[in-house]
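could you look at this predicted model? Sequence included:
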Amino acid sequence: MVLMSHREPLLVKNMTKDQNKQKSNGKIPAYVLALLIIALMPLSAYSQMKTVKWKEEVRLTNGQMIIVERAQDYRYGYAGGGRPGWLFDYARIRGTFPPPNGEIAWEGRLAPLALDIASNGSIYLVAVLATVAGQKEYGMSDGSYHVAFNFMANNKWQRIPITAVPREFKPNMMAATHRFFIVDGSTVDFVDLPLKTKVDSDPRLVKKYRDWPRQ
């Protein structure tokens, strides 16, 4: 017992020397590295997201024109087995219809395709699936792409069957947004009708974005 009590200070002294040696070698303790990684994770996630915003002319079936503010979020990642790139994640729109309707707003994991008003004053929105997350969220089966909404009071949207959308409605919002803003890198912040017609006339635009099932 006496011998052990004499050796203990020496052991502690040697441990202290070893720790000082590690510090002098410039090594960062593992717990410090872990804290740094945790601190940098939010910054890394933020850097993997981008948002594009623009205003767009939208012609209604009745011939009137409104300006719709649009925004789309993109995340950097993999799509299938291809190379990483910017993938659609979320969309937001805001616009003002002629009186007595006023302002409307919508957001979700779908790509808006048509925003219009019927002769009875009902406002409709048609959006198309753009992600697997959107497909799961709206319970869409394979081969179905479009989701429709009817605008209700207090800025609420009620989901309706796609076949309930008035037959005279057609796509009137820019569809090739990913190609225009991400692939082509456009920095345009205002899209008028001629530009939208040019962009969406691209034959590479998937047919499902051009129309939806009719009644």
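Noted; the coordinates are in hand.

other residues contacting stretch 130-145?
Residues from elsewhere that reach stretch 130-145 (CB atoms under 8 Å, 6 or more residues apart in numbering): 87-89, 108-111, 128-129, 147, 159, 208, 212. Yep, even glycine has a C-beta here, placed from its N, CA and C like the rest.

now the strands for the chain?
Counting by DSSP state E, the segments of the chain that form strands are 49-59, 65-77, 85-97, 102-108, 110-117, 123-129, 146-151, 157-160, 190-191.

most tightly packed of these?
Highest mean neighbour count of the strands of the chain: strand 110-117, a mean of 24 (counted as mean count of other CB atoms under 10 Å).

for that one, packing partners?
strand 65-77, strand 85-97, strand 123-129 (3 or more CB pairs under 8 Å, 6 or more residues apart in numbering; DSSP states H and E).

would TSV of the contacts of stretch 130-145 with pLDDT and distance to residue 100 be doable?
As requested, the contacts of stretch 130-145 are arranged in TSV below (pLDDT from 0 to 100; distance: CB to CB, whole Å):
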residue	pLDDT	distance to residue 100
87	94	39
88	95	34
89	95	35
108	96	26
109	96	31
110	96	27
111	96	29
128	95	29
129	93	33
147	97	27
159	97	24
208	75	35
212	90	28
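
quick check: the two most widely separated of the residues you listed?
Largest separation among these by CB to CB: 87 and 159, giving 24.3 Å.

with distance to residue 174 added, can I get the helices and strands packed on strand 110-117 in JSON lines?
Shown next, in JSON lines, are the helices and strands packed on strand 110-117 (distance: least, CB to CB, whole Å):
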{"stretch": "strand 65-77", "distance to residue 174": "8"}
{"stretch": "strand 85-97", "distance to residue 174": "11"}
{"stretch": "strand 123-129", "distance to residue 174": "12"}
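
and residue 170, which of the ones you listed is closest to it?
strand 123-129 (9.6 Å).

residues near residue 144, how many?
15 (other CB atoms under 10 Å).

output the below-cut-off pLDDT ranges for this protein.
For the chain, applying pLDDT under 70 flags the ranges 1-47, 80-81.

one more time with 90
1-47, 77-84, 99-101, 130-132, 141-144, 153-155, 202-211, 213-215 (pLDDT under 90).

so what does residue 210 look like in phi/psi?
With angles defined as degrees, to the nearest 10, residue 210 sits at phi -90, psi -20.

do I have it right that it meets residue 176?
No - contact status for residue 210 versus residue 176: not in contact, 10.5 Å apart, counting by CB atoms under 8 Å.

more crowded one of those two?
With neighbours defined as other CB under 10 Å, residue 210 and residue 176 compare such that residue 176 has more, 19 against 13.

give me every residue that touches the more buried one.
Going by CB under 8 Å, 6+ apart, the list of residues near residue 176 reads 199, 200, 202, 204, 205, 209.
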